[in-house]
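Chemist: Sequence first, then the predicted structure, then my questions.
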Amino acid sequence: MEWLRRNLSRNSRNRKTPNPESQSNSKGTEEVAQEEQRIYGITQQLINHVKSFTVDTFKNFPLPDEDEATFDEETQSTSTNVRRDLSQWQERHAILILSRVKEISQLRFVLCPRHLKEKQFWKIYFKLARSYVFEYELRAIQEEKLKRMAMEDQKSSDNNPDGVEMAETKHGAFIQ
């Protein structure tokens with residue numbers, strides 16, 4: 001959490017200093033930030049939904065009991081203080097939503113660890129936000145699989161130069 005606070009305060013200080021050179025860069029930076037928010041499903045609808053959460057929303061959310069002892073050993077917090085039990089996409093989404101919506105950050109501060117464990121907080125959050133973020137997370141999973149497949153194809157063609165020549169020969173035969 002401390003790392004997140006430091007980065008947020010640095011970013012806010014950087015935005016306040018008008019520099020003619022950085023203004024053109026900041027426009028590009030804003031576009032990148034907006035694109036990242038779009039990729040991770042940080043939409044105005046989600047923000048409005050998240051702002052409606054209360055302490056009771058989390059406290060009263062039904063969660064099944066789990067064996068927390070083995071879980072705590074396996075998933076320690078990362079440097080961003082967002083738990084490792086989240087997928088890479090969920091972790092980045094969590095960091096973005098915490099930095100963008102102060103209400104969820106305040107709720108997390110109030111709830112964790114006094115009332116909920118970090119794992120429970122994020123499990124509830126992603127269940128509450130599921131209808132808003134599902135398509136974005138699914139798209140990220142699909143893109144990751146495609147990248148992995150492309151890398152595997154590249155590796156196999158690098159390892160087998162005859163296969164590439166044969167494929168090119170077959171492709172040439174179909175063209176003629």
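Modeler: That came in fine, so what should we check first?
Chemist: Could you pull up phi and psi at residue 43?
Modeler: phi -100, psi 170 (degrees, to the nearest 10).
Chemist: Likewise for residue 34?
Modeler: Torsion angles at residue 34 (phi, psi; degrees, to the nearest 10) stand at phi -70, psi -40.
Chemist: Next: the one 3 residues further on.
Modeler: As for residue 37, its main-chain torsions (degrees, to the nearest 10) stand at phi -60, psi -40.
Chemist: again with residue 61
Modeler: In terms of degrees, to the nearest 10, the main-chain angles of residue 61 are phi -70, psi 130.
Chemist: Apart from its chain neighbours, what residue comes closest to it?
Modeler: Among residues not flanking residue 61 along the chain, residue 124 sits closest, at 4.7 Å (Cβ to Cβ, 6 or more residues apart in numbering). C-beta here means a position set from N, CA and C on the backbone, and glycine is covered the same way.
Chemist: what residues are up against the one you found?
Modeler: Counting by Cβ atoms under 8 Å, 6 or more residues apart in numbering, residue 124 touches 57-58, 61, 63, 116.
Chemist: redo that, cut-off 7 Å
Modeler: Counting by Cβ atoms under 7 Å, 6 or more residues apart in numbering, residue 124 touches 58, 61, 63.
Chemist: Among those, name the buried ones.
Modeler: Buried subset of those (neighbour count, 16 or more other Cβ atoms under 10 Å): 58, 61.
Chemist: what's the distance between residue 121 and residue 92?
Modeler: When distance is defined by Cβ to Cβ, to the nearest Å, residue 121 is 17 Å away from residue 92.
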